[in-house]
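Enquirer: Turn this into a structure:
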Amino acid sequence: MSYNAYDNFIAVVDKAAKAVGMDEQDYILVKYPERELKVSVPIKMDDGSVKVFEGYRVQHSSSRGPCKGGIRYHQDSDINEVRALAAWMSFKCAVVNIPYGGAKGAIKVDPTKLSRGELERLTRRYTASILPIIGPEKDIPAPDVNTNAQVMDWIMDTYSMMSGYTVHGVVTGKDLEVGGSVGRPEATGRGVTIITLQLLKKLKLNPKDVSVVIQGLGNVGAAAAKFLHENGCKIVGVSDVSGGIRCEKGLDIPKILEFVGNKKNLLKDYKDDSVEFISNQELLVTKCDVLIPAAMENQITKDNADKIQCKYIVEAANGPTTAEADEIIAKRNIILVPDILANAGGVTVSYFEWVQNLQSLTWELEDVNKMLEKVMIKAWNELDANATKWGLNYRLAAYVEAIERISKAKHLRGMFP
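Expert: Below you'll find the predicted structure:
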């Protein structure tokens, strides 16, 4: 049976609620997305032919504020993946306590096979299709897998052209010149680093004595590798779509990041006699202190959870660990910090960008990073305290926090009509 990310989300919701004796009637609404939109996206290709792509936008919850969530371009995206990602966004915003609900969007496409012109036409047509349900007060998209600031610029411009005036706040993750925020590109990786360092502090571990493996060297993984290396951690393994490399003595992270930084080089072509070339699956079971999955969902499963050789897991990707794998990891006493806290730095700084857009202000980088650290550490302290209070692991405690905050907002607002 194929993996269903939304079924995985529901399984964890039910388990967390049951762990604290919550009745299903108290949280039943969080199990159902508020709105799902599926669209056909026809575009004229460079050769004159017409191709039609499938797109989605799912809004999971608006109880705590406008919906918020990225848009990904990936050939394997489907509605269940987007539903799960939207729900995780709702929970993520609740855990760090920012006034957003969750949403997510996707187009089923391999963007590497499109020209820049085709990519722009695809983005603008998709924006026009979902335009009735997005907006600064409704639903604010952002970059995700295979999308970036340029894609957000096109969405902002399309929405603005349809509105008749410039609307910076319709998306976040834009380029600085069109209303973006300093600190946004590296915010998710910086947040992962903040949470990892808080975990090490709790465990009374010196970062210089800690070995780290990072799966994925995209925007999030690369930033996490950079910041953790700067804080003294020894990065012993990294990977990208082409495979991984590892070195027990520690990798030269600045050199590696410079090599892959132009997005054209892959790790399989990296030249260094001191490293061992391995697969992504071999990377996940590499011996280390901290494992950081920073690629896609469904990476740590029942098939490899018993083989993992780390002591701690910090989830930088969305949904990298299945519910079945969670059970195995818990039994093995591996401490796991869930995605809905660990990678919330991105949405937190997206919130800062949105606030700047609404107020027509710009913040300095120092202020952005200081505020991010404040939000992330506060959320970590609350989660750590609640996990102890409820006698739960961090995953279940984070889910209970989110369920309670979203459900309370729904209860206070009442049911319309």
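
Enquirer: got the contact list for stretch 104-120?
Expert: For stretch 104-120, contacts defined as CB atoms under 8 Å, 6 or more residues apart in numbering pick out 41, 43, 45-46, 53-58, 60, 69-78, 81-83, 85-86, 89, 122, 126, 130, 141, 144, 146-147, 151, 154. For glycine as for every other residue, the C-beta is placed from the backbone atoms N, C-alpha and C.

Enquirer: need the next SSE after the helix or strand that contains Leu291, C-terminal direction.
Expert: Secondary structure from DSSP states H and E places Leu291 in strand 290-293. On the C-terminal side of strand 290-293, the nearest following helix or strand under DSSP H and E is strand 312-314.

Enquirer: CA atoms only: put the strand holding Leu291 into PDB for me.
Expert: Coordinates of each C-alpha in strand 290-293 appear next as PDB, following Å, rounded to 0.1, in the frame of the first residue of the first chain:
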ATOM      1  CA  VAL A 290      22.400  14.100  15.800                       C
ATOM      2  CA  LEU A 291      20.600  13.100  12.600                       C
ATOM      3  CA  ILE A 292      18.800  15.900  10.700                       C
ATOM      4  CA  PRO A 293      16.600  14.800   7.900                       C
END
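
Enquirer: what are the pairing partners of that strand, and which direction each?
Expert: strand 211-215 (parallel), strand 312-314 (parallel) (DSSP bridges).

Enquirer: Let me have these in a markdown table, extended by mean pLDDT, mean neighbour count and distance to Pro185.
Expert: Formatted as a markdown table, the strands paired with strand 290-293 follow (pLDDT from 0 to 100; neighbours: other CB atoms under 10 Å; distance: least, CB to CB, whole Å):
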| stretch | mean pLDDT | mean neighbour count | distance to Pro185 |
| --- | --- | --- | --- |
| strand 211-215 | 98 | 26 | 17 |
| strand 312-314 | 98 | 25 | 20 |
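
Enquirer: For Leu267, which of these is the nearest?
Expert: Between Leu267 and the strands paired with strand 290-293, the tightest spacing by CB to CB is seen for strand 211-215, at 11.5 Å.

Enquirer: which parts of the helix or strand following that closest one are buried?
Expert: The helix or strand immediately downstream of strand 211-215 is helix 219-230, counting by DSSP H and E. Neighbour counts over helix 219-230 (16 or more other CB atoms under 10 Å) mark Asn219, Val220, Gly221, Ala222, Ala223, Ala224, Ala225, Lys226, Phe227, Leu228, His229 as buried.

Enquirer: Centre-most residue in the protein?
Expert: Asn318 (4.7 Å; CA atoms, centre = their mean).

Enquirer: Would you agree that residue is in contact with Ala342?
Expert: No. Look at Asn318 against Ala342 with CB atoms under 8 Å: they stay out of range, at 10.2 Å.

Enquirer: Next, show the common contact partners of those two.
Expert: Joint contacts of Asn318 and Ala342 (CB under 8 Å, 6+ apart) do not exist.

Enquirer: Next step: the contacts of stretch 104-120 restricted to strands.
Expert: 41, 43, 53-58, 69-73, 141 (DSSP state E).

Enquirer: Pick the one among the residues you listed closest to Val375.
Expert: Gly69 (17.9 Å).

Enquirer: number of nearby residues for that closest one?
Expert: Using other CB atoms under 10 Å, Gly69 has 31 neighbouring residues.

Enquirer: does it really touch Cys93, like I thought?
Expert: No. With contact defined as CB under 8 Å, Gly69 does not count as touching Cys93 (9.1 Å).

Enquirer: For Met1, give me the pLDDT.
Expert: pLDDT recorded at Met1 is 58.

Enquirer: on that earlier part again, pull the most distant pair out of the ones in strands among the contacts of stretch 104-120.
Expert: The span of these, defined through CB to CB, is set by Ile43 and Gly69 at 23.3 Å.

Enquirer: Val400 - nearest residue in space that isn't next to it in sequence?
Expert: Nearest residue to Val400, sequence neighbours excluded (CB to CB, 6 or more residues apart in numbering): Ala16, at 5.0 Å.
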